[in-house]
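> Provide a 3D model corresponding to the input given below.
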Amino acid sequence: MKEIVIVDYGMCNLDSVGRAVEKCGGSPLVSAEAADLAGADGIILPGVGAFSDAMHNLKDRGLVAPLREQALGRGVPFLGICLGMQLMAGVGHEGGRCEGLGLIPGEVVRFIADTPQTRIPHVGWNQVEQLADCPLFAGISDQTDFYFVHSYHFQCDDRYVLGRTPYCGGFNSVVGAGSCFGTQFHPEKSLAAGQTLLRNFLSLC
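Predicted coordinates:
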């Protein structure tokens, strides 16, 4: 059984992510220890809250360099979820300009409502248009709905964009580079489609 380290930096929905990984056939290890990352078959970085607070916590726990080493140096499969996806960027602007993990070049910026009826944060079910052949999408139909909760979104070069969602003018909802992937939605809250995506991630580990 693949050991999946779920990174605990004090701003994570750990229980639901851990249960989802276990249900999908993985062995979850919730940890805030850099040493545990070295033995991981895969890494999941979940998260809720503000970008700058999250990066502060990751730095305080000595996790920034080890996460970069495992994801970029060793190519350990990595999945960022919601805030965890945003932390993969080079820079975020929630709570002031802040350097991110830099796993995928890009910036995280706040939504600007495109109509008077557009509500921010973006909360609820919305579709993902699949823009690339991505292993995370195996067995998942194009335009499938997933569950979102966020006020900021990840801007990056099109070559890193795997999926987009039609809200507030459209935003990048799935990104990837090498063995690093990010989903703005919560697969652990997205029922059968979310479980399929998590199983697909586990198959890469």
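
> contacts, neighbours, all on C-alpha from now
Will do.

> How far off centre is the top helix by length along the chain?
Ordering each helix of the chain by length in residues (DSSP state H) puts helix 191-204 first. The chain centre lies 13 Å from the centre of helix 191-204; the measure is CA atoms, centre = their mean, to the nearest Å.

> for it, packing partners?
helix 14-23, strand 144-150 (3 or more CA pairs under 8 Å, 6 or more residues apart in numbering; DSSP states H and E).

> Dump these into a markdown table; add mean neighbour count and mean pLDDT as well.
Converted to a markdown table, the helices and strands packed on helix 191-204 look like this (neighbours: other CA atoms under 10 Å; pLDDT from 0 to 100):
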| stretch | mean neighbour count | mean pLDDT |
| --- | --- | --- |
| helix 14-23 | 18 | 95 |
| strand 144-150 | 19 | 98 |
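
> how about the ones you listed in CSV, adding distance to Gly84?
Listed next are these as CSV, based on distance: least, CA to CA, whole Å:
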stretch, distance to Gly84
helix 14-23, 12
strand 144-150, 12
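
> ranges for the strands of this protein?
Taking DSSP state E as the criterion, the chain carries its strands at 3-7, 27-31, 42-45, 78-81, 91-92, 98-99, 107-110, 122-130, 144-150, 152-155, 161-165, 171-177, 180-183.

> Looking at the ones you listed, spot the one closest to Val21.
strand 27-31 (6.2 Å; CA to CA).
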